[in-house]
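1. Okay, sequence plus prediction incoming.
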Amino acid sequence: MTQEVNLNSLKELEREMVLQVLYRDQMVQKVEEERIRKLKLHLHDLRWRPAKNTNQEYKEKFCARCQKSLGLLINRGGVCQGCSHRVCSECRVFLRKTYMWKCTVCFADGDVKIKTGEWFFEERAKKFPAESKHETAGAKLLKSYQKLSKISVVPPTPPPVSESHYGSNTGTVSVTDHLKLVNQEDDENFINPILEQENILPTSSHSIMFSGGIKRGSLVSISSTCTEVGSFDNADVTGEILFSLQYDFKASTLEICIKGCRNLAFGEEKKKKCNPYIKTYLLPDRGSQAKRKTSVKKNTVDPLFHETLKYRVEYSQLQTRLLQVSAWHLGTLTRKVFLGEVLIPLASWNFEDSTVQSFHWHQLKAKNYRTAESQNWRRPQKPSGLACT
C-alpha cells in the first residue's frame, strides 16, 4: 500500500525548489523512455527483418533469422528453446559460462527487458496482480503538488487564461513543449519550461500593444511557479532596453510593453552566445505574484520581443512601487546570467503624459550601481535605430 506524499508541511520556497527537481527528474525519465523506445525498435527490426513464411517445409530448410539455407546432414540448424524456430549456428548467442543458447531475437528480447527493467515489473505483477501501473516517487510528488497548489503541471495543451482568472492565485506551468524538445535539441537549445508564460500578449503593432479599449489580453496570471532560486552568474553589463509604460485606468492594469534590446553582453562569453529574456518585478514585492517574464530569444544580442507584461494594481498603489526591469541569459541546464537592469520609481511617472508613455531606450545598469540614480530618474532619450510602430 503506497502512501500519498504530503507537501503541506513544506514552505512555499521549499515546494518551488522541490518542483524544479521534479521537472528535471521528469526530463530524465523522458530521455530514458526514448532510449527504451530505440531498444524496442531495434528488437522489432530484428524480429521482422527476414521475410516470414508460415510453410512448415520452408521453416525446416531455412534459418528463421537470416534465411540461410540449412543442410540435411551438415549445418542442419537447431531449435531455439525460446521461440521454437530453427536457426543456423551464426544466429545463436550462447549464454555466459553455459552451453545453453538462444537465437538473436530471443537474446535481444531478454536484453531489452534487463536494460529497461521490465523483467522486475513482470515478476512483481505475478506476485501482486491487483497492483496498479508502476508510478515513480517523482510522479506521486507532482500529483501531490498539483492537488496542493491547484497547478496543472503537464497539461496536454495550455488552456487560455480568461479575464475571470485575474486576482486569483492559480496559474498554469506548461512543460509539455519542453519535454518534446528534449529529444529534438541538444543542451545548447535548452528552453526552460518555467519561462513559457500565459500572461504575455505578443504583438507586432504598437496600436494593439496596450489594452486601452483596443485589445484585451489576460489581466493577470502567475507568470511562473518559482522565483529565482539558486545561484546565477553576472556578465559585464552593456546595452539598452526599449520599452514603454502605460496604465489602463478602466481595467486598473499596469502594462509594460517590451519592444527589444540592443548590444547586450554575451551570457556565455567563450561561446559568444546569448539567449536573452526580460523579467520584471513590482518592488518591494518579490514573490511569484509580482514577477513577469517574456519568452526566450535564441542566439542574439539584439532581441525583439514585442510582448506586453501586465500587473493588476490600483493606481494609488503605484506611488509606493518601484518597477525593476532586468535582462537575463538562459544557459544550459537553466543556468541564468544577469545582463543588467533598469529601476523606475512609478511615483515619478506621469501616466497621463503621452510622451512618457511612448517607447524609450533605457541604459542597462549593474546591480551595484548607485541607488540614487533610480531616485533621480530622468526621461530617457527617444529611441533610434530600432523602429517603433
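-> Thanks, I have the structure now.

2. for the longest helix along the chain, which positions count as buried?
-> With DSSP state H applied, the helix covering the greatest number of residues in the chain is identified as helix 12-48. For helix 12-48, a neighbour-count test (16 or more other CB atoms under 10 Å) marks 15-20, 22-23, 25-27, 30, 39, 43, 46-47 as buried. (Each C-beta comes from the backbone N, C-alpha and C, glycine too.)

3. packing partners for it?
-> Packing partners of helix 12-48 (3 or more CB pairs under 8 Å, 6 or more residues apart in numbering; DSSP states H and E): helix 104-116, helix 137-149, helix 176-182.

4. what inclination does that helix have with respect to helix 104-116?
-> Taking axes from the mean of the first three to the mean of the last three CA atoms, to 10 degrees, one finds helix 12-48 and helix 104-116 inclined to each other by 170 degrees.

5. partner residues bridging P345?
-> Taking DSSP bridges, one obtains L322 as the residues bridged to P345.

6. and it, how many residues sit next to it?
-> Other residues within reach of P345 by the criterion other CB atoms under 10 Å amount to 17.

7. just to revisit the earlier point, report the mean per-residue pLDDT for the longest helix of the chain.
-> The average of the pLDDT scores along helix 12-48 is 81.

8. Okay, now the unreliable bits of the stretch 1-150 of the chain?
-> Residue ranges of the stretch 1-150 of the chain with pLDDT under 70: 1-8, 47-59, 119, 129-150.

9. Per the annotation, how does the protein divide into domains?
-> 12-127, 190-375 (automatic domain parsing).

10. Show the model's pLDDT score for the residue lying closest to E240 once chain neighbours are set aside.
-> Leaving out its chain neighbours, the residue that sits closest to E240 by CB to CB, 6 or more residues apart in numbering is W361, at 4.6 Å. At W361, the model reports a pLDDT of 91.

11. wait, is W361 part of a helix?
-> No - for W361, which was evaluated using DSSP: H, G, I helix; E, B strand; the rest coil, the result is strand, with no helix membership.

12. Beta-bridge partners for it, please?
-> Using DSSP bridges, the bridge partners assigned to W361 are L242.

13. That one: neighbour count?
-> 19.

14. just T308 next, same as before
-> T308: 25 surrounding residues under other CB under 10 Å.

15. is it in a bridge, and if so with what?
-> Under the criterion used here (DSSP bridges), T308 is bridged to L201, C257.

16. Give me the distance between it and L264.
-> Taking CB to CB, to the nearest Å as the measure, T308 and L264 are separated by 21 Å.

17. try K113
-> To L264, K113 is 51 Å away according to CB to CB.

18. higher neighbour count, the two?
-> Per other CB under 10 Å, whichever of K113 and L264 has more neighbours is L264, with 24 against 16.

19. So that one is in contact with W328, correct?
-> No - checked against CB atoms under 8 Å, the pair L264 and W328 is beyond contact range at 10.1 Å.

20. Overlap of the contact sets of those two?
-> A shared contact of L264 and W328, defined by CB atoms under 8 Å, 6 or more residues apart in numbering, is any residue touching both; here these are P276, L339.

21. residue contacts, A290?
-> A290 sits in contact with Y281, L282, L283, Y311, where contact means CB under 8 Å, 6+ apart.

22. who does L282 bridge with?
-> Following DSSP bridges, L282 is listed with bridge partners L323.

23. Buried deepest among the domains of the chain, which one?
-> When neighbours are counted by mean count of other CB atoms under 10 Å, the highest per-stretch mean among these falls to domain 190-375, a mean of 18.

24. With just CA atoms, put stretch 292-303 into PDB.
-> Extracted as PDB, the C-alpha positions of stretch 292-303 are listed here (Å, rounded to 0.1, in the frame of the first residue of the first chain):
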ATOM      1  CA  ARG A 292       6.600  38.600 -15.000                       C
ATOM      2  CA  LYS A 293       8.800  37.100 -17.800                       C
ATOM      3  CA  THR A 294       9.000  37.300 -21.600                       C
ATOM      4  CA  SER A 295       9.800  34.400 -23.800                       C
ATOM      5  CA  VAL A 296      13.400  33.400 -24.500                       C
ATOM      6  CA  LYS A 297      15.100  34.600 -27.700                       C
ATOM      7  CA  LYS A 298      17.800  32.300 -29.100                       C
ATOM      8  CA  ASN A 299      21.400  33.300 -30.000                       C
ATOM      9  CA  THR A 300      21.000  37.100 -30.300                       C
ATOM     10  CA  VAL A 301      22.300  40.200 -28.500                       C
ATOM     11  CA  ASP A 302      19.700  42.400 -30.200                       C
ATOM     12  CA  PRO A 303      16.400  40.500 -29.400                       C
END
